[in-house]
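Undergrad: This is a predicted model, with the sequence first.
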Amino acid sequence: MITSNKGSIINCKYQQDKPYNLLVMINYRHNELALEFTGKILLDKYPSLINESNIKDCLSEINKLGICSLDVDAIIQDSEVVKCDVTKDVEFENIDRVLKSIRPNISNHNKWKDKPYRGKEGITLENVVKTPKYKKRLIIYDKSKELNLADNKEFLSACSNSEAILSYYKNKIRFELNINTMKQIRQLLNIPNNNLMSVLNSCSNPILSVIDEALVYSNFQEAPMTLRDYEHSLMIKECNYDMSAVEAKLRTLLSSGTSITNRMKLYRALYKRLQKNQSNAIDIRSLVA
């Protein structure tokens, strides 16, 4: 798409979503180029994810399309990242154990919410904020199932060895953190600027940082159940082991102004013991650390 004024081109835009997402925007008035693409642009190298070693391959792939001619070396040396997704693929056979460990361990249900991602394939964990610059969004999902969706058929067809890619992602869980502001990129990646190579060379683990903020995992010693524990376990069971429902129930039972924080700590600690006994709980931190 081209926008012009009195015969002069103001900006150009090219966009596609198959076999991979790509957006190219050129603003001639400001002499700016904006590129947006996903890791699928790597095709057969997709499992490597976008990193400092293959960023040239991403840009060269755009040049192969013939829609424009990018100065690959100049872009690598002089460009900034305005938003990005930080991704980690983890091998783990039972994603249900991971998903079921989210809601009971949310640190504060008024500040963090979870909702299904693509039906029952995953979960989205995000903080409750009014302004986008403070927004944090972590998606956890079954990468193998996602890759086998009809939407990815063209991508797999474009790869020379799609079976190898499908095999690699078998039993893989993807953790995907969406970072949508330049300030958040610097903060979460612990870098001084938004230069492309600064972002790609960051050694920080922003996914772990967000999990530490959103979830609470407490160590506890195995102990016999007391009468109070038993009474608390009945409420947990009544709420179908949903700790957000337990918190909501407590708020209806407690008098106005009563602090609920310490009481919920007792319920969460007991729930963790119940989870451990049922072999359902998993410390998600251990997967992404």
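TA: Right, received. Where do you want to start?
Undergrad: The closest residue to Phe37 other than its chain neighbours - how many residues pack around it?
TA: For Phe37, the nearest residue in space outside its immediate sequence neighbours is Leu22; the separation is 4.9 Å by C-beta to C-beta, 6 or more residues apart in numbering. C-betas here are computed from N, CA, C, even on glycine. Applying other C-beta atoms under 10 Å, we find 21 other residues in the vicinity of Leu22.
Undergrad: so what's Pro47 up against?
TA: Taking C-beta atoms under 8 Å, 6 or more residues apart in numbering as the definition of contact, the neighbours of Pro47 are 89, 165, 168-169.
Undergrad: what's the following helix or strand after the biggest helix by length in the chain?
TA: Scanning the chain for the helix with the most residues, using DSSP state H, yields helix 261-278. Secondary structure here is assigned by DSSP states H and E; on that basis, the next helix or strand after helix 261-278 toward the C-terminus is helix 285-288.
Undergrad: can you list contacts of that next one?
TA: Under the contact criterion C-beta under 8 Å, 6+ apart, helix 285-288 has outside partners 88, 90, 92, 98, 173, 175, 205, 207-208, 211-212, 215, 217.
Undergrad: chain center to that helix, what's the gap?
TA: How far helix 285-288 lies from its chain's middle: 14 Å, per C-alpha atoms, centre = their mean, to the nearest Å.
Undergrad: pull the CA atoms of that helix into PDB?
TA: What follows is the C-alpha trace of helix 285-288 in PDB, where atoms were taken according to Å, rounded to 0.1, in the frame of the first residue of the first chain:
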ATOM      1  CA  ARG A 285      10.200 -21.300  38.100                       C
ATOM      2  CA  SER A 286      12.200 -24.500  37.700                       C
ATOM      3  CA  LEU A 287      11.200 -24.800  34.000                       C
ATOM      4  CA  VAL A 288      12.300 -21.300  33.000                       C
END
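Undergrad: Name the residues of that helix that are buried.
TA: Of the residues in helix 285-288, 287-288 count as buried by neighbour count, 16 or more other C-beta atoms under 10 Å.
Undergrad: Could you do stretch 106-117 as well?
TA: 106, 109, 112, 114, 117.
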